[in-house]
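>>> This is the structure alone, sequence omitted:
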């Protein structure tokens, strides 16, 4: 699986791709740190990426309205191809589909699960910072408001760090199903133009491209275990999300459950191949072309490299 963490068989990236080691721009929007106004549990889930609120300025930043348009997609594909010699147009597109969608959906999914808040994902109101490799290491939400579950609104005089700064949500919905529907709508509305632009340029069908998006959504849901400590919560939320996102989000992942060193884990089998094996000797830990035994072996090995609190994704 193409993922922002250095998992086995993930395309090799320079050391600067890690969120903590990437060069920081000279000007940043206010409240950019992973701590402070961004709740700690949300920052933990996004690591090694980072999230900030406000309109960013500085090297590498581009707004998502550009990145999802014809010139932005062409430029991003060229950047990925330069950084990965030998990559076919299809491999470059697969890398880009995974990396871009992960940068968009990760903060939205984490915010939904942990804060019961869905941020505004309108492309013109978001920016990403891109590295020379083509990977996106930071996400900026221009407007720190969105849609919130009524029960998640802080009480009068409550902890203001429980939500981003601002005047309050754009919308309030009354139940979790409605909030989940907003999440699905926001994700599909943002990524549909991007997927169409990729499809027009390479010989990858919509199932493969939306499969990349689905893989990053599923991974984002599973990573919320970092904050919740519950390996089933993210999976259950993902199942409900994909039910609502069908049929647009095709080739969704399937779960791979196992026990490792006495602890239950949930990994996944991707619904489509990311093509990373075309540039290396191995298939990804979640590749649909590996059998269950080999996939589980790789997941166990990956967990052991992470130390305490490691996950299968």
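That came in fine, so what should we check first? Predicted model, so just to flag it, every value in this text is computed and none were measured. Numbering: from 1, shown residues only.
>>> what helix or strand is residue 232 on?
For residue 232, the host element (DSSP states H and E) is helix 231-245.
>>> counting contacts, what elements does that helix pack onto?
helix 89-115, helix 176-199, helix 206-223, helix 225-228, strand 263-269 (3 or more C-beta pairs under 8 Å, 6 or more residues apart in numbering; DSSP states H and E). Placement of C-beta: from N, CA and C, glycine included.
>>> The closest residue to residue 74 other than its chain neighbours and residue 309: what is the separation?
Closest residue to residue 74 apart from its sequence neighbours, by C-beta to C-beta, 6 or more residues apart in numbering: residue 201 at 7.4 Å. Residue 201 sits 40 Å away from residue 309, taking C-beta to C-beta, to the nearest Å as the criterion.
>>> Residue 132 now?
From residue 132 to residue 309 the distance is 31 Å (C-beta to C-beta).
>>> Quick check: which ranges of the stretch 201-313 of the chain have low pLDDT?
Applying pLDDT under 70 to the stretch 201-313 of the chain flags the ranges 271, 273-278, 281-283.
>>> what about residue 312, which SS state?
Using DSSP: H, G, I helix; E, B strand; the rest coil, the structure places residue 312 in coil.
>>> where's it relative to residue 84, distance?
From residue 312 to residue 84 the distance is 26 Å (C-beta to C-beta).
>>> More neighbours: which of the two?
A count of neighbours by other C-beta atoms under 10 Å puts residue 312 above the other of residue 312 and residue 84, at 26 against 19.
>>> got a list of what the more buried one touches?
222, 256, 258, 260, 265-268, 285, 299, 302-303 (C-beta atoms under 8 Å, 6 or more residues apart in numbering).
>>> so, if you compare those, which one comes nearest to residue 175?
residue 222 (23.9 Å; C-beta to C-beta).
>>> ok, now how distant is the closest one from residue 173?
Here the criterion is C-beta to C-beta. By it, residue 222 lies 25 Å from residue 173.
>>> Of these two, give the one with the bigger neighbour count.
More crowded of residue 222 and residue 173, by other C-beta under 10 Å: residue 222, with 25 against 18.
>>> Was I right to think the more buried one contacts residue 234?
Yes. Using C-beta atoms under 8 Å, residue 222 is in contact with residue 234, at 4.7 Å.
>>> Many thanks, have a good one.
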